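Peer 1: Generate coordinates for the sequence data below:
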Amino acid sequence: MWSDWKEQIERCPKIRQGLLWEYDLKDFDWQYMRALVVERVIERGWAEDYYALFALYGGMDGVRQIIRDEVLLLSDKDIAFVCAAFNLKKEELKCYTRIQNEIPPDKSLPGSERANLLRGHPFLGKD
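Peer 2: Numbering: from 1, shown residues only. Next comes the predicted model:
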């Protein structure tokens, strides 16, 4: 996957504005917001968006490091994808270990509250 990324980044790919719809990209701090940018591309990005990530953040190794150490929230499906695509183990991911530490080990929460914690949205579904 992305074996041609070095050639592709020479074309200066750009991340689609639609992925960051709520931000004014004229004054956007791409370095400060890198975890969010990477998260959005993982969730909704196309191949061109991944090439733009590689150009912005130091190639495959740079993006791998951001995924591992800085991204705070990914779905189970996205975790499985990044582990396969970037040769990572889920236990290495901050987003995975953070959620594991927040879930009570005795699983005493009702199913719906537990599912919301897993999604990282503890207030979803509450009246």
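
Peer 1: All the helices of the protein, residue numbers only.
Peer 2: For the chain, helices defined by DSSP state H occupy the ranges 5-9, 34-44, 47-56, 59-69, 76-85, 94-102, 111-119.

Peer 1: Lowest-scoring secondary structure element of this protein by mean pLDDT?
Peer 2: helix 111-119 (a mean of 53; mean pLDDT, DSSP states H and E).

Peer 1: could you check the distance from the residue positioned nearest the centre of the chain over to Asp4?
Peer 2: Nearest to the geometric centre of the chain sits Glu39, at 2.6 Å (CA atoms, centre = their mean). Going from Glu39 to Asp4 by CB to CB, to the nearest Å gives 24 Å. Just so you know, the C-beta spots here come from the backbone N, C-alpha and C atoms, and that holds for glycine as well.

Peer 1: Show me the shaky parts of this protein.
Peer 2: Under the criterion pLDDT under 70, the flagged ranges of the chain are 101-127.

Peer 1: 90 - rerun?
Peer 2: 1-14, 95-127 (pLDDT under 90).

Peer 1: how close does Glu48 sit to Cys12?
Peer 2: Separation of Glu48 from Cys12 (CB to CB): 11 Å.

Peer 1: Over to Val38?
Peer 2: Counting by CB to CB, the gap from Val38 to Cys12 is 19 Å.

Peer 1: Compare these two and say which is more crowded by neighbours.
Peer 2: Comparing Val38 with Cys12 by other CB atoms under 10 Å, the one with more neighbours is Val38, at 25 against 9.
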